[in-house]
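Trainee: structure here, sequence nowhere to be found:
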């Protein structure tokens, strides 16, 4: 990874982390010092519109994220115009975004995989950019990692699942592309870890209902065996030493790459 790319990578991962932490303050989760939404609370109200919860102190950070989002999309548009096609594309949220080109080249050797992820992506924003950023390249394989931000931000589960189905069906519309849907991985946030296994089961059922879709489950190898959560050996720290509660480290991407490589072969 070049110096400039490394700076952009660090800036993006810090921004993604702050976006998650600030979201907890907006949704009221800060009162019990835990990030995310507890879907099992009797008074938990899911939201149909994630944007509606971006108020108060969240507005400034959201504006920064949106600037980064649009800048990333302009970069992708320039690259797509030059490349025109790609055999495989990985897209979605930060789990996809941080599978950087050097990591893809190192851990996925069966075919070139182009990265079209954006940290902070949710199902509505991915659906909005799918055609221009991904399908314009007419890929044989579309690898999708999405849903984690929907859950952290309290999206109603049927809405997120319906949008995911829509994304998959659009990716397969040309009749050529095969889709690999990646599970939402374990994290270091108990609220997310409580709902994600259930949500992943719904993703598995979804893939079984649509021909040409394969489910890639990260939980068996990344999660703890005693309690739901990311195993300690996959913990990642930010440049200031803060524990990154939403992403896994290089070892985790080595495993992700091996599993993905096996499917592409």
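Mentor: It's in. These figures come from a predicted structure and were not determined experimentally. Numbering: from 1, shown residues only.
Trainee: quick one, what contacts the residue most central in space within the chain?
Mentor: By Cα atoms, centre = their mean, the chain has its centre lying nearest to residue 93, at 2.8 Å. Residues counted as contacts of residue 93 (Cβ atoms under 8 Å, 6 or more residues apart in numbering) are 117-122, 126, 145-149. Using the backbone N, CA and C atoms, a C-beta is placed for each residue, glycine as well.
Trainee: for the stretch 51-200 of the chain, just list every one of the strands.
Mentor: 88-92, 114-117, 141-145, 178-182 (DSSP state E, counting those that start in this stretch).
Trainee: show me what the first one is packed up against.
Mentor: Of the remaining helices and strands, those touching strand 88-92 by 3 or more Cβ pairs under 8 Å, 6 or more residues apart in numbering; DSSP states H and E are strand 114-117, helix 123-133, strand 141-145.
Trainee: hmm, who's touching the first one?
Mentor: Among residues not part of strand 114-117, those counted as contacts by Cβ under 8 Å, 6+ apart are 76, 83, 86, 88-101, 104, 133-134, 137, 139, 145.
Trainee: Produce a ChimeraX select command limited to the buried residues of the residues you listed.
Mentor: Of those, the buried ones can be selected in ChimeraX as follows, counting by 16 or more other Cβ atoms under 10 Å:
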select :76,86,88,89,90,91,92,93,94,95,96,97,98,99,100,104,133,134,137,139,145
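Trainee: give the burial count for residue 240, as a bare number.
Mentor: 6 (other Cβ atoms under 10 Å).
Trainee: end-to-end on stretch 223-231?
Mentor: 5 Å (Cα to Cα, to the nearest Å).
Trainee: residues in contact with that stretch: which ones?
Mentor: So stretch 223-231 is contacted by 185-188, 190, 193-194, 196-197, 222, 248, 252 (Cβ under 8 Å, 6+ apart).
Trainee: now do the helices in the stretch 51-200 of the chain.
Mentor: Taking DSSP state H, counting those that start in this stretch, the helices of the stretch 51-200 of the chain run over residues 58-83, 94-97, 101-107, 123-133, 148-152, 157-171, 190-209.
Trainee: just checking, what packs against the last one?
Mentor: Secondary-structure packing of helix 190-209 (3+ Cβ pairs under 8 Å, 6+ apart): helix 148-152, helix 157-171, strand 178-182, strand 213-216.
Trainee: make a markdown table from the ones you listed and add mean pLDDT and mean neighbour count to it.
Mentor: A markdown table is the format used below for these (pLDDT from 0 to 100; neighbours: other Cβ atoms under 10 Å):
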| stretch | mean pLDDT | mean neighbour count |
| --- | --- | --- |
| helix 148-152 | 94 | 26 |
| helix 157-171 | 97 | 18 |
| strand 178-182 | 97 | 22 |
| strand 213-216 | 97 | 17 |
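Trainee: where's residue 109 relative to residue 247, distance?
Mentor: 23 Å (Cβ to Cβ, to the nearest Å).
Trainee: compare these two (neighbour count), which wins?
Mentor: residue 247 (25 against 12).
Trainee: isn't the more buried one right up against residue 97?
Mentor: No: at 9.8 Å, residue 247 does not count as touching residue 97 under the criterion of Cβ atoms under 8 Å.
Trainee: out of the strands of the stretch 51-200 of the chain, flag the one nearest residue 203.
Mentor: Ranking those by their distance to residue 203 (criterion: Cβ to Cβ) puts strand 178-182 first, at 6.1 Å.
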